[in-house]
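Student: Got a sequence here, can you model it:
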Amino acid sequence: MEKIERISLTEKVAKRIQSLIDSGNYTVGDRLPTESEFCEQLGVGRSTLREAFRMLQALGMIELRPGIGAFLKHKDIAPAEAIKKWFLAKETEVCELMEVRMAIEPLAARLAIVRGRESQVARLHAIHEAFSTAVREQDVIGMATLDESFHNAIMEASNNDILIRIGNILADALRAYRTRSFAVSENITHALLPHERILQAIMERNKDGVGPAILAHLEVTLEDMQRVTEKKAEDSF
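Tutor: Numbers count the residues shown, from 1 in each chain. Got it, this is the predicted structure:
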């Protein structure tokens, strides 16, 4: 079975910055090191650092002020009320993105069954194993990045360039949503089994089963968001 690097470079950088915050060297409101300082210290490029910043911003830990820098907003993941407000503000946009996913992801999965190479299916399995570990460890950053990788791997296994490009656009648009969604503990419990069912259908080359498996997963994902916006925030965590 193919092994996968569990932690992406962006995830590594985000966790390094999170460790820096946890060290106690900064208090809420402090400005963090500049992009240049972080890039030199961590040995990464600006694009990777900015993705890590956006991930930490989605968790509510930092605030990015254009042209000024990154500031510490919370030492831990944002309080439930802040995440609820974000979901309320973005509900229409996220629902529209989910509608597009419901249209194209079942198609991508069916094509993956027909066209996907064994190496691509093996990679999907490896990503799922890493995702399972992140779920057990309650690793929010890991879950968000690996969930994105799982769905991107399905798109890639379709071997349809247009679908792959659309998948990348959706992944970029959903990154902030994914990170916040996995910060809600109840949502975590709903993520693992649907992935297992999708993976099983692809590995068994079950064209009739994979579409319903993906649609059921996305419907639960949408319900998770709607539950957060409808319930009191403190009841959702």
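
Student: which stretches of the protein form helices?
Tutor: 9-22, 35-42, 46-58, 80-115, 118-136, 140-157, 161-182, 185-188, 192-203, 207-230 (DSSP state H).

Student: just checking, which of those helices comes out with the lowest mean pLDDT?
Tutor: Note on those: helix 185-188 shows the lowest mean pLDDT, a mean of 80.

Student: Could I get the buried residue list for it?
Tutor: Asn187, Ile188 (16 or more other CB atoms under 10 Å). (C-beta placed from N, C-alpha, C; glycine too.)

Student: Residues contacting that helix, please?
Tutor: For helix 185-188, the external contacting residues (CB atoms under 8 Å, 6 or more residues apart in numbering) are Val135, Gln138, Met143, Ser181, Phe182, Asp224, Arg227, Val228, Ser236, Phe237.

Student: so what's the residue positioned nearest the centre of the chain up against?
Tutor: Geometric centre of the chain, nearest residue: Ala144, 2.7 Å, by CA atoms, centre = their mean. Contacts for Ala144 (CB under 8 Å, 6+ apart) come out as Met55, Arg175, Arg178, Thr179, Ser181, Phe182.

Student: Including distance to Ile164 and neighbour count, could the residues you listed go into a markdown table?
Tutor: Formatted as a markdown table, these follow (distance: CB to CB, whole Å; neighbours: other CB atoms under 10 Å):
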| residue | distance to Ile164 | neighbour count |
| --- | --- | --- |
| Met55 | 22 | 26 |
| Arg175 | 17 | 18 |
| Arg178 | 18 | 21 |
| Thr179 | 22 | 26 |
| Ser181 | 23 | 25 |
| Phe182 | 24 | 27 |
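
Student: Out of those residues, name the two that are farthest from one another.
Tutor: Using CB to CB, the two most remote members of the contacts of Ala144 are Met55 and Ser181, lying 12.8 Å apart.

Student: Give the residue farthest from the middle of this protein.
Tutor: Asn25 (28.2 Å).

Student: which phi and psi does that one have?
Tutor: phi -80, psi -10 (degrees, to the nearest 10).

Student: For Thr145, see how far away the closest residue to Asp147 other than its chain neighbours is.
Tutor: Among residues not flanking Asp147 along the chain, Arg178 sits closest, at 5.7 Å (CB to CB, 6 or more residues apart in numbering). Per CB to CB, to the nearest Å, Arg178 is found 8 Å from Thr145.

Student: Gln138 too?
Tutor: 15 Å.

Student: Please identify which of those two sits among more neighbours.
Tutor: Thr145 (27 against 11; other CB atoms under 10 Å).

Student: Next up, the contacts around that one.
Tutor: Ser8, Thr10, Glu11, Met55.

Student: ok, 7 Å please
Tutor: Ser8, Thr10, Glu11 (CB atoms under 7 Å, 6 or more residues apart in numbering).

Student: likewise Arg197?
Tutor: Arg197 sits in contact with Ala213, where contact means CB under 7 Å, 6+ apart.
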